[in-house]
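[1] have a look at this fold, sequence not included:
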C-alpha cells in the first residue's frame, strides 16, 4: 500500500521514472495468485503513469518500452483502467472501482467519448449512498457535472 501512495506522489510531481520503478516493485511484491484490492489500484496507477509519461511536458521518460507497432499509450492506459475496474468488481471493492472508473471516464472525455464516460461513471457513482464528502466521490461528481454539460 505504501508503494501505491508513493506512485501517486511520483505521478503528481512528474517523477515518472521513479513512478515506474515503484510500480514494478509493487507489482512484483503483489501476492499471487490471489487477487487483492491493491492490484486494482496498481492497474489504475499503471494507466495513469502510462498517460502522464507521454502527455506531460515535464516528462523526460518517453516510454519504458522500445517503440514498436502496436497499442498506443491511450489504448494501453484504457486497458489498465479496465483491468482495474474488473478486478475491483470481482472483489466488490466499490471505492477502488470508482477511482478506476473516474480515470477511464476522464480518458474517454478527452477522446470525445462523453456519453460512454458519463454512463460508466454514473453507474458506479449512483451506487454510493454516503461518503459524498470524500475526495474520490467529489472528484467523480465534478467529472459527471462536466460530462453533463
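    In hand now; what should we look at? Treat the numbers as computed from the prediction; the structure is a model and nothing was measured. Residues are numbered from 1 along each chain as shown.
[2] all contacts plus neighbour counts: C-alpha atoms, from now on.
    Fine.
[3] which residue, other than its chain neighbours, is closest to residue 36?
    Nearest residue to residue 36, sequence neighbours excluded (C-alpha to C-alpha, 6 or more residues apart in numbering): residue 91, at 7.4 Å.
[4] so the one you found sits against residue 37, correct?
    Yes - Residue 91 lies in contact with residue 37 (C-alpha atoms under 8 Å); the separation is 6.9 Å.
[5] among those two, which residue is more densely surrounded?
    A count of neighbours by other C-alpha atoms under 10 Å puts residue 37 above the other of residue 91 and residue 37, at 20 against 15.
[6] how about residue 104, what does it touch?
    78, 81-82, 117 (C-alpha atoms under 8 Å, 6 or more residues apart in numbering).
[7] give me that answer again for 10 Å
    Residues near residue 104 by C-alpha atoms under 10 Å, 6 or more residues apart in numbering: 44, 47-48, 77-82, 84-85, 98, 110, 116-117, 120-121.
[8] buried by neighbour count, from those residues: which ones?
    For these, a burial check counting by 16 or more other C-alpha atoms under 10 Å picks out 44, 47-48, 77-82, 84-85, 98, 117, 120-121.
[9] ok, so of those, who is nearest residue 16?
    Nearest to residue 16 out of these is residue 48 (C-alpha to C-alpha; 10.4 Å).
[10] name the element the closest one belongs to?
    Using DSSP states H and E, the element containing residue 48 is helix 37-55.
[11] by contact count, what packs against that helix?
    Under the contact definition 3 or more C-alpha pairs under 10 Å, 6 or more residues apart in numbering; DSSP states H and E, helix 37-55 sits against helix 2-12, helix 16-29, helix 73-90, helix 94-110.
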